[in-house]
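J.: coords please:
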Amino acid sequence: YTFIKLTSPPPKPIIFDGSNRDVCEVTRNRTNTPLQALAMLNDPLVLEASRVLAADLVSRHADPGEAIGEAFARIICREPKKEEAEILMDYYGEELQRFEQRPEEISKAVSIGDHPLGDNSGKAGTAALMQVIVAIYNVEEAITKT
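T.: Numbers count the residues shown, from 1 in each chain. This next block holds a predicted model:
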């Protein structure tokens, strides 16, 4: 729940272009400001949800491409286009290489949130997939569901 004062509205609805509550709004404007991206990339809720989903997908899929495809379908509610899948796989490769070169960063990435860490949470592949899922959550299509 959000406590709303008339003189100072909560910051998140402002960042995400929420209604000013004076007029009924049927649809939300399509925007994606840098503040929205900053909020989505650093929100503990998004990071924890990404970690839990990544750990689940790693345990069920040996192929990272299949895991990324399922994550995309779950979040965006459609299959990724070929270009989108390639971009996400390239990003996964970059993040996997980063976490394999610096394993101490894995625990920093996956330790956010209250959900217990599973067996797969300490792996570089899980941390890399988590970063890909955070990027998927940050897509305009995921934020507004247009």
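
J.: Quick check: mean pLDDT of the helix or strand harbouring K108?
T.: Element membership of K108, judged by DSSP states H and E, is helix 104-110. Helix 104-110 shows a mean pLDDT of 88.

J.: got it, and stretch 118-127?
T.: Throughout stretch 118-127, pLDDT has a mean value of 81.

J.: ok, residues contacting that stretch?
T.: With contact meaning CB atoms under 8 Å, 6 or more residues apart in numbering, stretch 118-127 is reached by 51, 54-55, 58-59, 64, 95-96, 99-100, 103, 105-107, 109-110. C-beta here means a position set from N, CA and C on the backbone, and glycine is covered the same way.

J.: Please repeat the previous calculation with a cut-off of 6 Å.
T.: 54-55, 58-59, 96, 99-100, 106, 109-110 (CB atoms under 6 Å, 6 or more residues apart in numbering).

J.: Can you flag the buried ones in those?
T.: Buried members of those, counted by 16 or more other CB atoms under 10 Å: 54-55, 58, 96, 99, 106, 109-110.
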